[in-house]
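*Asks:* pasting a predicted model and its sequence here:
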Amino acid sequence: MGDLALVFVDLEGAQNNAPTKMVAKFSPIKTNTPTFIIKNVFGTEAHWYNDFLEEDQGFGRPEAYFIAAKLVHVRPWKRLPVFCMLFEAMPPAPYSRTSGCGNLDHLKAVMSVLGSFHAKWWNHPKQYPLNFLNHPTDYNSIGKNLVIAGAKLGLPALKQCFGDVYAPVLEWTPLIRKHLKWFVDQVFTPPFTVCHGDVHLDNIFFNDEWPTGIKMIDFGNIQFGQGMFDVAYFMGTNIEPDLRRAHQDELMQGYHAELVRGGVKGYSLDDCWRDYKLNLFRVLINIMFVTWTDFRKPHKNKTGIFAAEPTPKDAKLRATYDAVNRRCAASLVDAKFDELLKSATPTCSVCCCCICCA
């Protein structure tokens with residue numbers, strides 16, 4: 001969503017460890033994204049960098065050199081909020097969402113860090129120093145309605161744009177609609193922790209010299225939620241299906257061991273697996289919503305990532321979505337998400353035809 005620039009500076013009279021290379025991140029100048037979303041995403045990231053020391057957050061992240069925002073203008077109806085952030089430059093990411101990660105040690109490291117991070121904030125109330133984060137109970141749980149709307153709008157869009165790869169999942173559409181309210185109630189049920197919200201390989205860097213061996217970036221989606229959303233996003237969309245099938249038990253056990261080591265009680269390994277299966281579909285809803293907002297018109301017009309001769313940028317984005325979609329579909333099928341739905345009580349209501357009601 002934001003604009004990035006690599007910045008090099010010449011310094012006079014500076015300390016020996018003063019940075020001469022950094023990354024600048026700006027909020028977008030022109031965008032169709034509503035102003036309140038710009039404020040929320042960039043404001044959350046600014047708080048996360050500005051309000052905590054790295055060692056107090058629970059996992060590694062780049063050092064922040066400068067965080068600034070201008071939220072109000074003389075003519076606010078004509079101007080977007082402006083954010084500018086300067087961060088420590090990271091080494092090149094060894095993996096991407098497109099390539100996936102086949103290094104088992106690195107996969108274990110990510111799961112371990114997620115476990116210790118989630119344990120640190122497990123059941124933490126929405127109060128200082130986390131009062132700026134969105135919480136599932138905010139605004140009378142309006143987030144439930146947004147998730148329902150994302151599913152209802154997204155299922156037809158998914159069929160239109162990526163129907164082939166998601167064919168097995170789309171066969172469950174009547175079942176999903178029948179149990180949608182039940183599903184939303186489940187993923188909005190405690191325990192909650194702080195979730196990164198965007199745990200993919202383009203946001204993860206590795207270095208054995210760092211305390212946890214890992215640093216993450218992109219904190220605009222950080223919020224309270226079920227920790228299994230981060231785990232489902234990472235395991236379900238960043239690891240090739242054969243590798244995931246071979247090692248998912250080991251990876252989940254490592255995550256759960258870190259929860260226990262961090263003091264979490266009353267949340268078993270079986271609880272992890274159940275919430276993982278639920279949150280795989282929550283991950284898909286995010287993909288479906290982006291498909292609905294960004295890809296329906298390009299698909300219809302054969303432009304963008306669906307063009308016969310896409311630009312290099314669009315070709316890269318298509319390769320990313322091809323990889324993510326393939327892994328996500330396989331994860332849902334392997335998890336037998338449909339059987340989990342069949343075990344639930346149907347929850348259709350008199351307003352189930354409303355776009356934001358189940």
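*Replies:* Here it is on my side, so go on.

*Asks:* look up phi and psi at Lys70.
*Replies:* Reported as degrees, to the nearest 10, the phi and psi values for Lys70 are phi -120, psi 110.

*Asks:* what of Ser331?
*Replies:* Per degrees, to the nearest 10, the backbone of Ser331 is at phi -60, psi -40.

*Asks:* specify the local secondary structure of Thr33.
*Replies:* Under DSSP: H, G, I helix; E, B strand; the rest coil, the three-state class of Thr33 is coil.

*Asks:* that one: neighbouring residues, count only.
*Replies:* By other C-beta atoms under 10 Å, the residues close to Thr33 number 14. From N, CA and C alone the C-beta is placed, and that goes for glycine too.

*Asks:* what about stretch 141-150, average pLDDT?
*Replies:* On average, the pLDDT along stretch 141-150 is 93.

*Asks:* buried stuff in it?
*Replies:* Residues of stretch 141-150 classed as buried: Gly143, Lys144, Asn145, Val147, Ile148, Ala149, Gly150 (neighbour count, 16 or more other C-beta atoms under 10 Å).

*Asks:* likewise for stretch 130-142?
*Replies:* Neighbour count says stretch 130-142 has Leu130, Phe132, Leu133, Asn134, His135, Pro136 buried, by 16+ other C-beta under 10 Å.

*Asks:* which ones are touching the residue found closest to the first one once you drop the neighbours it is linked to in the chain?
*Replies:* Sequence neighbours aside, His124 is the residue nearest to Leu130 in space, at 6.1 Å (criterion: C-beta to C-beta, 6 or more residues apart in numbering). Shown in contact with His124 (C-beta atoms under 8 Å, 6 or more residues apart in numbering): Leu130, Thr193, Val194, Phe224.

*Asks:* among the residues you listed, the buried ones, what's the PyMOL command?
*Replies:* Selection of buried members from the contacts of His124 for PyMOL, criterion 16+ other C-beta under 10 Å:
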select buried, resi 130+193+194+224
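
*Asks:* just the ones of the contacts of His124 in strands?
*Replies:* Taking DSSP state E, the ones among the contacts of His124 that sit in strands are Thr193, Val194, Phe224.

*Asks:* hang on, Tyr166 packs against Gln160?
*Replies:* No. Counting by C-beta atoms under 8 Å, Tyr166 stays clear of Gln160, with 10.8 Å between them.

*Asks:* between those two, which is the more surrounded one?
*Replies:* Legend: neighbour count by other C-beta under 10 Å for Tyr166 and Gln160, higher for Tyr166 (24 against 14).

*Asks:* show me what contacts the more buried one?
*Replies:* Contacts of Tyr166 (C-beta under 8 Å, 6+ apart): Leu158, Lys159, Asn325, Ala329.

*Asks:* also Ile38?
*Replies:* Met1, Ser27, Pro28, Thr31, Leu80, Pro81.

*Asks:* again, 6 Å this time
*Replies:* Applying C-beta atoms under 6 Å, 6 or more residues apart in numbering, we find Ile38 in contact with Ser27, Leu80, Pro81.

*Asks:* count of neighbours near the closest residue to Arg327 other than its chain neighbours?
*Replies:* Leaving aside its sequence neighbours, Arg327 sits nearest to Thr237 (C-beta to C-beta, 6+ apart; 5.1 Å). For Thr237, the neighbour count with other C-beta under 10 Å is 25.
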